[in-house]
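[1] Provided below are the primary sequence and the corresponding predicted coordinates.
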Amino acid sequence: MVAVIGVVVTFALEYNARKTDYLQLLENQGKLFIDAIVNSTQNAITAAEKIETEIDSKILLNINMLGRIIYSQSIPPAEQKKLFEDSGFDEIILYNSNGSIVDRFSKHKNNFIIPKSVISSLVNKSFKDTIMVVYDEPEYETEQLTAFVKINHGNMVAAFINNEEINNLKNSVGIGYFLKRFYSKQNLQYVVIQNSFTIVAGSFGEYNLSTFTRDSFLQSAIDENKTLSRIIYYSDKPIYELVSPLNIDKEAIGILRIGLAMDEYERFEADMTQRYIMVSIILVVFGIIFFNFFVNYNQRQLLKKDLGQWKNYTNTILENLSSGVVGISNGIVISINNKALDVIGVNYSNAINKKIVDYPVFWKNTLIAVLNDKEIYTANNPLKVIQNYNQPKLFTISNDEIKTEEGSITNVLIINDITEQKLLEDQLRRNQKLNALGNLASSVAHEIKNPLNAIKLIIELVRKKFQPANNLENYLKNLDTVSIEIDRVNRIIEQYLQFNKMPELRLNNENIKHIVGEVCDLFKSEVIDKQILLTCNVSDTISLICDKDQIKQALINLIKNAIEAIEKNGKINISVLKNSEFIEILVADNGKGIHPENLDFIFDLHYSTKKSGNGIGLFIVQQIILAHKGKLFVESSLGIGSTFKIQLPVNA
């Protein structure tokens, strides 16, 4: 492509250089001709002017005499006509002092009309007899050399002069003759002396030379008083024309105008045209090649752009998936999204393009087992991973194979965190059980409560109306026992009715330290009696939007469980942490702990491992926390203790 550009530039430079040199040569030659003509013909021009003046005066004198004779009607019309025909004029027109035509003689039908403006300007003022070029009306396209002569009483005669005959006369003598000889010897296309009216002298062959009125370039040579040059075309033939002002006694009398043939220029143009065609063909060929290359390049760029956009689009989708995605080929991780990085616990630089065997041991064994189809982790058999306060996370892992056309296989592992899903499912089951139990409890409670009230009324009536003669004391004691038991059964029934409908939350902005402090004060005596150290670590600045009474109830239940779980050297610590998302309340003890098999059931209603427990306390705690849109977790180790973690959203 660079070579082609070089050829084009070289061609253009050569063309311009040759054209410039040739035109300069023509201009120098023309100026030499002009200088030779001007220097050699000063006397001839002066003599020609005298001859021209003499001819003009004779013409004007003849017209004056002819006009007077015709106007005076001193000879018959036939003789007037013969006199006109012998005069050599093409047409004679007689005007009166008002500018109206009085008579007219013409050798042939002539449509030339002298403009009225010319006639009126002449008859209305005195003027010298003159010869001028006049353009006809209305188009002003035809010119006519015309002589105007005043005769007696303000009358005027206009005579049309045969311009060709006058020029032949001028060319046969003086400067015209000289220019003709110069023209024939130098082989010029034309050489003329021209003024604003006509061509004064010279030879111009078949060329229809322009006039001053039609060609401003001619007047420019006089105005600028210097030789001007140009290329002008006559019938598609180029002529190099030079126009120089012609001065006599430092006064411009017209222009010297010569035309030089440009045969060499035409040959040069033809040669350049051929070369141009050849270069154009080469450029077209290279243009087609370059165009194809450019199209292919653009297509590649567009394809590359589309692939980049598609890759970015795919990466955006992968990075916004809630599932972890890991692409593995030949045991090497070729792609991994942020979710998978968070789950596995590695950063991108230590994960991408790394072998599976270089991953953390747990995940290395897990992923290899999935790839080899030795393990299948589904919703019914999830992978349990201990993260964040030993709270187990549950994952499913699926393995899909993608085969390429070359036969290579890429494994795509999809890791889904179903912990929240499982918690929701468990909560749903608990709610279903709670609703069923609540409905049953409500129905049974209402059915039992009415007869119990009736029984209690009967007992009171028996106490008042019937008293035995013997064993009165035992009788009254037994009645008291029955009444007490009826009250106890009523309380149990009231508890069941309370489970069926939790009280509405009364939310306020509360200082969490005050809530924890009030709860701890309730247990001061009890922990001292049982030799348990109860500590509270809470900042003064942490506040929470909550139902104070219900949060207190939840903490009371958790501390009661902690006290019951401690056997000796007891410690209970309550701490509160806060971040941008939630507030954490931790209740930790060093009691006997909870067996791992029981951890999934401790929040179920009526589930308890204590002999005297009714399985209601932790259930109530969970319901209170859920009502606050929070979460409740537990971590426990046998013989070490348990920690209950309450997470409450900051903007609950």
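    Thanks, I have it.
[2] Could you use CA atoms for every contact and neighbour count after this?
    Noted.
[3] Could you list the single helix or strand in the protein with the lowest mean pLDDT?
    Least confident helix or strand of the chain, by mean pLDDT, DSSP states H and E, is helix 163-172 with a mean of 61.
[4] mind giving me the domain split of this structure?
    2-40+166-261, 51-160, 321-417, 424-500, 508-649 (automatic domain parsing).
[5] With respect to Arg267, which of the ones you listed lies nearest?
    Closest approach to Arg267 among the domains of the chain (Cα to Cα): domain 2-40+166-261, 11.5 Å.
[6] centre of the chain versus the closest one, how much separation?
    Distance, stretch centre to chain centre, for domain 2-40+166-261: 59 Å (Cα atoms, centre = their mean, to the nearest Å).
[7] and if you look at stretch 265-282?
    45 Å.
[8] do stretch 520-530 as well
    Relative to its chain's centre, stretch 520-530 lies at 73 Å (Cα atoms, centre = their mean).
[9] Identify the residues contacting it?
    Stretch 520-530 is contacted from outside by Leu533, Leu534, Cys536, Ile563, using Cα atoms under 8 Å, 6 or more residues apart in numbering.
[10] Nearest to Glu143, out of those residues: which one, please.
    For those, with Glu143 as the reference and Cα to Cα as the criterion, the closest is Cys536, at 125.3 Å.
[11] Am I right that that closest one is in a strand?
    Yes - according to DSSP: H, G, I helix; E, B strand; the rest coil, Cys536 belongs to a strand.
[12] and it, what are its bridge partners?
    On the basis of DSSP bridges, Cys536 takes part in beta bridges with Ile574.
[13] From Leu394, how far out is Asp417?
    Separation of Asp417 from Leu394 (Cα to Cα, to the nearest Å) stands at 6 Å.
[14] Same check on Phe217?
    Distance from Phe217 to Leu394, by Cα to Cα: 99 Å.
[15] Then Ile334?
    From Ile334 to Leu394 the distance is 25 Å (Cα to Cα).
[16] tell me the SS of the residue lying farthest from the centre of the chain?
    The centre of the chain is farthest from one residue, Ala469, which by Cα atoms, centre = their mean lies 109.2 Å away. Here Ala469 is recorded as coil under three-state DSSP.
[17] Which residue of Ile334 and Leu394 possesses the greater neighbour count?
    Neighbour count, other Cα atoms under 10 Å: between Ile334 and Leu394, Leu394 has more, with 22 against 17.
[18] Would you mind naming the residues that bridge with the more buried one?
    Here Leu394, judged by DSSP bridges, has bridge partners Lys384.
[19] The chain should start at 15 in everything you say after this.
    Right, with 15 as the first residue, what we last looked at is Leu408.
[20] That one contacts Asn395, correct?
    No - judged on Cα atoms under 8 Å, Leu408 makes no contact with Asn395 at a distance of 9.3 Å.
[21] What are the phi and psi values at Gly653?
    Main-chain dihedrals, Gly653, degrees, to the nearest 10: phi 80, psi -10.
[22] swap in Val530?
    For Val530, the backbone dihedrals (degrees, to the nearest 10) come out as phi -60, psi -40.
[23] contacting residues for it?
    Applying Cα under 8 Å, 6+ apart, the residues contacting Val530 are Cys550, Lys566, Leu569, Ile588.
[24] Now for the first one, how many residues are close by?
    If I follow you right, that is Cys550. Neighbours of Cys550 (other Cα under 10 Å): 15.
[25] Quick check: the gap between it and Val590.
    9 Å.
[26] And for Asp554, the neighbour number?
    With neighbours defined by other Cα under 10 Å, the count for Asp554 comes to 10.
[27] Same question for Asn571.
    Using other Cα under 10 Å, Asn571 has 16 other residues around it.
[28] Poorly predicted segments of the stretch 365-514 of the chain, please.
    Within the stretch 365-514 of the chain, the segments meeting pLDDT under 70 span 401-405, 444-445, 447-460, 502, 505-514.
[29] which stretches of it form strands?
    Applying DSSP state E, counting those that start in this stretch to the stretch 365-514 of the chain gives strands spanning 397-401, 405-417, 423-431.
[30] I'd like those strands laid out as TSV, including distance to Phe307.
    Compiled in TSV, these are given as follows (distance: least, Cα to Cα, whole Å):
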stretch	distance to Phe307
strand 397-401	56
strand 405-417	34
strand 423-431	36
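[31] just checking, Ile529 touches Lys566?
    Yes - at 6.5 Å, Ile529 counts as touching Lys566 under the criterion of Cα under 8 Å.
[32] who's more crowded, the two?
    Neighbour count, other Cα under 10 Å: between Ile529 and Lys566, Lys566 has more, with 18 against 15.
[33] Which residues does the helix or strand hosting that one contact?
    Using DSSP states H and E, Lys566 maps to helix 562-579. For helix 562-579, contacts defined as Cα under 8 Å, 6+ apart pick out 520-522, 524, 529-530, 533, 541, 546, 586, 601-603, 605-607, 631-632, 634-635, 638-639, 658.
[34] Output that helix as PDB, restricted to C-alpha atoms.
    These are the backbone C-alpha positions of helix 562-579, laid out as PDB (Å, rounded to 0.1, in the frame of the first residue of the first chain):
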ATOM      1  CA  LYS A 562     -38.500  -3.900  74.900                       C
ATOM      2  CA  ASP A 563     -40.700  -6.400  76.900                       C
ATOM      3  CA  GLN A 564     -40.400  -9.100  74.300                       C
ATOM      4  CA  ILE A 565     -36.700  -8.800  73.900                       C
ATOM      5  CA  LYS A 566     -36.400  -8.900  77.800                       C
ATOM      6  CA  GLN A 567     -38.500 -12.100  77.700                       C
ATOM      7  CA  ALA A 568     -36.200 -13.700  75.100                       C
ATOM      8  CA  LEU A 569     -33.100 -12.900  77.200                       C
ATOM      9  CA  ILE A 570     -34.700 -14.100  80.400                       C
ATOM     10  CA  ASN A 571     -35.500 -17.500  78.700                       C
ATOM     11  CA  LEU A 572     -31.900 -17.800  77.400                       C
ATOM     12  CA  ILE A 573     -30.400 -16.900  80.800                       C
ATOM     13  CA  LYS A 574     -32.700 -19.400  82.600                       C
ATOM     14  CA  ASN A 575     -31.500 -22.200  80.200                       C
ATOM     15  CA  ALA A 576     -27.900 -21.200  80.700                       C
ATOM     16  CA  ILE A 577     -28.300 -21.300  84.600                       C
ATOM     17  CA  GLU A 578     -30.000 -24.700  84.300                       C
ATOM     18  CA  ALA A 579     -27.100 -26.000  82.000                       C
END
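[35] Counting neighbours, which bits of that helix end up buried?
    Going by neighbour count (16 or more other Cα atoms under 10 Å), the buried part of helix 562-579 is 562, 564-573, 576-577, 579.
[36] ok, Tyr254 to Ala579 distance?
    To Ala579, Tyr254 is 123 Å away according to Cα to Cα.
[37] How about Ile115?
    148 Å.
[38] same question, Leu640
    In this view, Leu640 and Ala579 are 25 Å apart by Cα to Cα.
[39] Equivalent analysis for Leu490, please.
    41 Å.
[40] Ok, Ile175 next?
    146 Å.
[41] what do you get for Gly301?
    91 Å.
[42] Tell me the buried residues in stretch 244-254?
    For stretch 244-254, by 16+ other Cα under 10 Å, it's Pro252, Ile253, Tyr254.
[43] In a markdown table: those, plus pLDDT.
    Converted to a markdown table, the buried residues of stretch 244-254 look like this (pLDDT from 0 to 100):
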| residue | pLDDT |
| --- | --- |
| Pro252 | 88 |
| Ile253 | 88 |
| Tyr254 | 89 |
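[44] What is the nearest of the residues you listed to Ile597?
    Distance to Ile597, by Cα to Cα, is smallest for Pro252 among the buried residues of stretch 244-254, at 99.2 Å.
[45] Fine by me, thanks again.
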